[in-house]
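Novice: next comes the sequence, and after it the predicted model I'd like to discuss.
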Amino acid sequence: MTSKIKSELLKKRTYAFSLDMALILLLNKAITLSYTNFLRTVFYQLAPQTQTKVLLSYSYVTLSTLWIVFWAYFVLSYYLGQGKTPGKLIFEIQTFSKKTSDGLTLTESLVRTMGHFVCMITGLFLFALPYLRKDQKSLADIISDTWVDNETEDAQLAPVIELHKTQTEENKAA
């Protein structure tokens, strides 16, 4: 893969993940605004102090729904979307599995999402990992044993080609 193609893929990955995060934040905002509206319309008869206490728990609700939306979004997108999140779908890239050609398994989807989550809670600097590695693998790619490539049949053959190269190099060394 040429360096221009690799940099283009990395750019697409960055844009796709940014779009996915924007969608997650929009979903979370819609849920929390619905919650706030529900509290104000249904519990309007409560004493003002009680309403204030309930509304002060808004940050806990926001964080817990963000956590749920984040995990549900990525696990379901990867598993049901055969390795494609909405962002990857728009930018025409896909996550491929080394174990199966039918998309990602549920375990791979969960582990991949855990990789994204670890990157988020460590201050986002781990998202720079693909920019620092020659193979451009992210933490999610490494721990789930998957890779991201353009949506082509050639991309599905990449592990076979890589395995053949490795075996050829081992035969030459022996």
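Specialist: Sure thing, it's come through.
Novice: helices of this structure, residue ranges please.
Specialist: Under the criterion DSSP state H, the chain contains helices at 3-42, 48-56, 58-80, 86-90, 106-121, 129-132, 139-144, 153-173.
Novice: so which of the ones you listed is the most packed in?
Specialist: Ranked by mean neighbour count under mean count of other CB atoms under 10 Å, the helices of the chain are led by helix 139-144, which reaches a mean of 20. Every C-beta, even on glycine, is put in place using the N, C-alpha and C of the backbone.
Novice: if we can go back for a sec, now tabulate the helices of the chain in TSV and tack on mean pLDDT and distance to Lys99.
Specialist: Formatted as TSV, these follow (pLDDT from 0 to 100; distance: least, CB to CB, whole Å):
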stretch	mean pLDDT	distance to Lys99
helix 3-42	92	21
helix 48-56	80	47
helix 58-80	94	13
helix 86-90	96	19
helix 106-121	96	7
helix 129-132	93	22
helix 139-144	95	10
helix 153-173	60	10
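Novice: for Ser97, find the nearest of these.
Specialist: Of all the helices of the chain, helix 106-121 sits nearest to Ser97, with 5.7 Å by CB to CB.
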